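K.L.:
got a sequence here, can you build the structure:
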Amino acid sequence: FRKIHSLLHEVLPCKFVKEFVTEDGLRKLFALIGRNGQGIGTSVYSEWVKKVEKLDLNTEERNKVDLFINTTYDAMNEHVGIFLNCEGSGLYRMQKNINHSCNPNATVAFPYSNSTLSLIASRHIAAGEEICISYLDTCNLDRSRHSRRTILRNHYLFDCQCEKCTEQEGDPDVTSEEESCGDDCVSEDEAMES
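P.N.:
A predicted model of the protein is given here:
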């Protein structure tokens, strides 16, 4: 922290950020970003893929392009993993107030390939209904209540009490090792290490 603190003090000398250039202030800033930051989901490669997918190609050409895209994604995934489409983290004034649900009614999107965040309804939202997003990726949303809550507890410091978790209260506490899940998911052990 001391090294980061001294670098931050050099880079941000303005009075507005003085509270964050103390060691305690820096800890608070990291906690704020860690709990409320939104990964900015854009990538030049994914934007290129979207454009290529719209091309009118015959079956043979489409198969070659799809193979190239999948091979490239696999190679990039080996180096950057879950950060493949994340170009940073931002704090958004309104979005930071949106709560989590394991059955969300909205999703976060970056439709302009920059840091502009949009919330998109994933189903009908009734008047007065709370807008919720998932703090978990799709793969982890399909896991057991026990696994979802473990990941949320370790990453976001809360026990989920959403409708889906409440409905599954009587389910057995199945661990990640007993569930089938792809390589892109955060395992319970990884959640514990974070």
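
K.L.:
and Val44, how far is that from Asn140?
P.N.:
26 Å (CB to CB, to the nearest Å). All C-beta atoms are positioned from the backbone trio N, CA, C, and that covers glycine.

K.L.:
pick out whichever of the two has more residues nearby.
P.N.:
Asn140 (22 against 9; other CB atoms under 10 Å).

K.L.:
could you check how far the more buried one is from Met76?
P.N.:
Distance from Asn140 to Met76, by CB to CB: 21 Å.

K.L.:
try Ser115
P.N.:
Taking CB to CB, one finds Ser115 at 21 Å from Met76.

K.L.:
and if you look at Asp24?
P.N.:
38 Å.

K.L.:
burial count for Asn36?
P.N.:
Applying other CB under 10 Å, I find that Asn36 has 15 neighbouring residues.

K.L.:
ok, Tyr45 next?
P.N.:
Neighbours around Tyr45, by other CB under 10 Å: 13.

K.L.:
next structured bit after the helix or strand encompassing it?
P.N.:
Element membership for Tyr45, per DSSP states H and E: helix 44-53. Downstream of helix 44-53, the first helix or strand assigned by DSSP H and E is helix 59-80.

K.L.:
quick one: strands adjacent to the next helix or strand after that following helix?
P.N.:
Proceeding N to C from helix 59-80, the next assigned helix or strand is strand 89-90, under DSSP H and E. Sheet pairing for strand 89-90, assigned by DSSP bridges, gives strand 38-39 (antiparallel).

K.L.:
the bottom helix or strand of the protein by mean pLDDT?
P.N.:
None of the helices or strands of the chain scores lower by mean pLDDT, DSSP states H and E than helix 188-193, at a mean of 48.

K.L.:
before we move on, the earlier item: kindly calculate the angle that the helix holding Tyr45 makes with helix 59-80.
P.N.:
With axes from the mean of the first three to the mean of the last three CA atoms, to 10 degrees defining the directions, helix 44-53 sits at 170 degrees from helix 59-80.

K.L.:
going forward, the N-terminal residue is numbered 46.
P.N.:
I'll keep to 46 as the first residue from here, and by that count the last item is helix 89-98.
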